[in-house]
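# Just a sequence and a predicted model for now, questions to come.
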Amino acid sequence: MASGTVLFKLFLLFSISSLTQGKVIDLTKDNFDEVVNGEKFALVEFYAPWCGHCKQLAPTYEQLGEAYTQSSDVIIAKVDADGDRDLGSRFDVKGFPTIKYFPKGSTTPEEYNGGRDINDFIKFIEEKTGVRGRVPVIPSAVADLDESNFDKIVKNPDNNVLVEFFAPWCGHCKNLAPVYEKVGEAFKNEPNCVIAKVDADAHSALGQKYGVSGYPTLKFFSKTNKDGEEYSSGRDEQSFVDFMNEKCGTKRTPGGGLNEQAGRINAFDGFAVEFMKNKDGRDNVYNNAKSAVDKQDDQKMATYYVKVMERVQSKGDSFIQTETSRLERLLEGQISAGKKDQFIMRKNVLSQFAKGMESKEEL
């Protein structure tokens, strides 16, 4: 019996030790007191999953957890105080997110009223504990502009550029930052569709030149309009992506993928459907498609339509499903962003041949 008790205690200690080696620790009423027990400094966010401000804070708070992963003296944790209301009530949480810090040697919290930028949190924790967090350097997909490179990137006639004019102290800019970074990620594989930003507080001449009177100000510089036009659409990722797709002629989705239109050519979609529907007329459709390749802006994808027709002629109609399945398997694996784009576009083209097969079956 004693042996069982010892094993249980060892298991409990191991579980707590493992838990506190994570990035941001998830706390509940079952483990809160074991983790936040006065042995370490603890910063705890009380949040609700539906809270917009909590969602905005989440990427920064995860980064903060990453900064203290190797610390043996600092805990970065969070509590779903909507799902675990007893804990929220216990610590007098009346709004979300509420952040409290627990000094080492105490289980009585104090309110955190500092800024919510990663540097604000790290400065606060360092002042309280003497421990400096290690913030990983994450490459940004948003181009940093200043006087030395602004014209080179923005005035380039090959580039469509969305520029955020921001100030580091601006609260709205801080809230926009994680969303804007996602937009940069979505377009990082579009060489002529650039997401950029400029610190217009530090580089005030650029802000004055383009009439910036508040932060953040967003302006779009197309290939043909280098004076810039105001961006006045929504400030969520989908709105930015929709705007850039319209202006750049791209087919991106939030997250950086491609939509179902990517790679397709309207006239060749017609060829694909007709080719699969009319087995007796395939040679004629194939010849018409092949002769039209040189007239297309995207000759590479036009050629792919023709190659699919050749494969169907040699391997049969089953090639469409077999090749679609093969591409789906490849897309599930670890592949480069360029290959992923290529395979999605090919899969989109194949879907039009499949559409022709369905039409033939209906007849």
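Looks like it arrived, so ask away. Numbers count the residues shown, from 1 in each chain.
# Let me know whether my guess that residue 163 is in a strand holds.
Yes - assessed by DSSP: H, G, I helix; E, B strand; the rest coil, residue 163 belongs to a strand.
# Who are the contact partners of it?
145, 154, 196-198, 218-221, 228 (C-beta atoms under 8 Å, 6 or more residues apart in numbering). Glycine gets a C-beta too; all of them are placed from N, C-alpha and C.
# quick one, phi/psi of residue 110?
Dihedral angles of residue 110 (phi, psi; degrees, to the nearest 10) stand at phi -120, psi 150.
# which residues pair with it across the strands?
In this structure, residue 110 bridges to residue 101 when assessed by DSSP bridges.
# By mean pLDDT, which helix or strand of this structure comes out lowest?
Every helix and strand in the chain was compared by mean pLDDT, DSSP states H and E; the lowest is helix 2-19, with a mean of 42.
# contacts for the helix or strand following that one?
Proceeding C-terminally, helix 2-19 gives way to strand 25-27 as the next helix or strand, assigned by DSSP states H and E. Contact partners of strand 25-27, identified using C-beta under 8 Å, 6+ apart, comprise 19, 35-36, 44, 65, 75-80, 87.
# if we go to 10 Å?
16, 19, 31, 33-36, 42, 44-46, 65, 75-81, 84, 87 (C-beta atoms under 10 Å, 6 or more residues apart in numbering).
# So which bits of the longest helix along the chain are buried?
Determined from DSSP state H, the single longest helix within the chain is helix 337-362. Within helix 337-362, the residues scored as buried using 16 or more other C-beta atoms under 10 Å are 340-350, 352-357.
# Could you list every helix and strand that it packs against?
helix 266-277, helix 299-315, helix 319-332 (3 or more C-beta pairs under 10 Å, 6 or more residues apart in numbering; DSSP states H and E).
# got the angle between it and helix 299-315?
Per axes from the mean of the first three to the mean of the last three C-alpha atoms, to 10 degrees, the angle that helix 337-362 makes with helix 299-315 is 50 degrees.
# angle of helix 337-362 against helix 266-277?
50 degrees.
# Low-confidence stretches in this structure?
1-22, 359-363 (pLDDT under 70).
# still on that earlier bit, return the most buried member of the helices and strands packed on helix 337-362.
Between the helices and strands packed on helix 337-362, helix 266-277 has the highest mean count of neighbours, a mean of 20, where neighbours are mean count of other C-beta atoms under 10 Å.
# Just the buried subset of the contacts of strand 25-27, please.
For the contacts of strand 25-27, a neighbour count by 16+ other C-beta under 10 Å gives the buried set as 19, 31, 35-36, 42, 44-46, 65, 75-81, 84, 87.
# Which of those residues fall in strands?
Taking DSSP state E, the ones among the buried ones among the contacts of strand 25-27 that sit in strands are 42, 44-46, 75-80.
# Need those in CSV (columns: distance to residue 265).
Listed next are these as CSV, based on distance: C-beta to C-beta, whole Å:
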residue, distance to residue 265
42, 58
44, 55
45, 49
46, 53
75, 56
76, 51
77, 53
78, 48
79, 53
80, 48
